[in-house]
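# Fold the following, please.
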Amino acid sequence: MTSTADRSGRKVIAGYFVSLDGVAEAADHFITAWDDAMDAAGARLIANQDTVILGRRTYDEWAGYWPTSDVEPFASFVNAAPKYVATSKPLDGAWANSHVIEGDLVEFVRDLKARPGGDIGVHGSISITRALLTAGLVDELHLVVAPTIVGKGKQLLADLPAIHLESTGGTISPTGHLLAAYRVCTR
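Below is the predicted model:
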């Protein structure tokens, strides 16, 4: 098996907070503790990323928060990075470096991967991640798994085809969160 990254130089890396039962929606309701290990994992996640793909709902929520946030290092990263938004409507507001994806999401990301640059991050946009996983365009999946069962909500990995993952690392943070990294493989 090979990773999807073996097919191109630039990687698409999806990073999410999820509950033990896979819910990724409204993570602020189930991530109730934070620690230095989680900070370090987040910093490693974005260290090589220079571009972000967002869905419209995430863009709208984040555009109201991140431009004035002092939560580092993510605030500096996401505010400076080019942000490409999958939407059919013009973007409201003026969050720096934000652009509407013209045309098909999958083709856009395939083209973006072929261009020079750093890694491409997908954060907080569940439907975008599902579409890119289904199309074979996600190279790595990084999860912070909360020791909580939410019971209901939008699950990150629901309704996907079979996808083989290879663990590239994992640890338990001091507050009991599983910090897990996977490479997406092809057969």
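
# Let me see the contact set for the residue nearest to residue 20 when sequence neighbours are not counted.
With CB to CB, 6 or more residues apart in numbering as the criterion, residue 20 has its nearest non-adjacent residue at 5.3 Å, and that residue is residue 149. For glycine as for every other residue, the C-beta is placed from the backbone atoms N, C-alpha and C. Applying CB atoms under 8 Å, 6 or more residues apart in numbering, one finds that residue 149 lies in contact with 19-21.

# same deal with residue 46?
15, 73-74, 77, 121.

# One more: residue 61?
Contacts here follow CB under 8 Å, 6+ apart; on that basis residue 61 touches residue 124.

# Can you mark which positions in the helix or strand containing it are buried?
Secondary-structure element containing residue 61, defined by DSSP states H and E: helix 56-63. By neighbour count with 16 or more other CB atoms under 10 Å, helix 56-63 contains the buried residues 56, 58-60, 62-63.

# Equivalent analysis for stretch 42-52, please.
Buried residues in stretch 42-52, defined by neighbour count with 16+ other CB under 10 Å: 42, 45-46, 49, 51-52.

# now do stretch 84-104
Residues of stretch 84-104 classed as buried: 84-86, 91, 95, 98, 101 (neighbour count, 16+ other CB under 10 Å).

# same check, this time on stretch 156-170
Residues of stretch 156-170 classed as buried: 156-157, 163 (neighbour count, 16+ other CB under 10 Å).

# Can you redo those residues as JSON lines, where the extra columns are secondary structure and pLDDT?
Below are the buried residues of stretch 156-170 laid out as JSON lines (DSSP: H, G, I helix; E, B strand; the rest coil; pLDDT from 0 to 100):
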{"residue": "156", "secondary structure": "coil", "pLDDT": "97"}
{"residue": "157", "secondary structure": "coil", "pLDDT": "96"}
{"residue": "163", "secondary structure": "coil", "pLDDT": "96"}
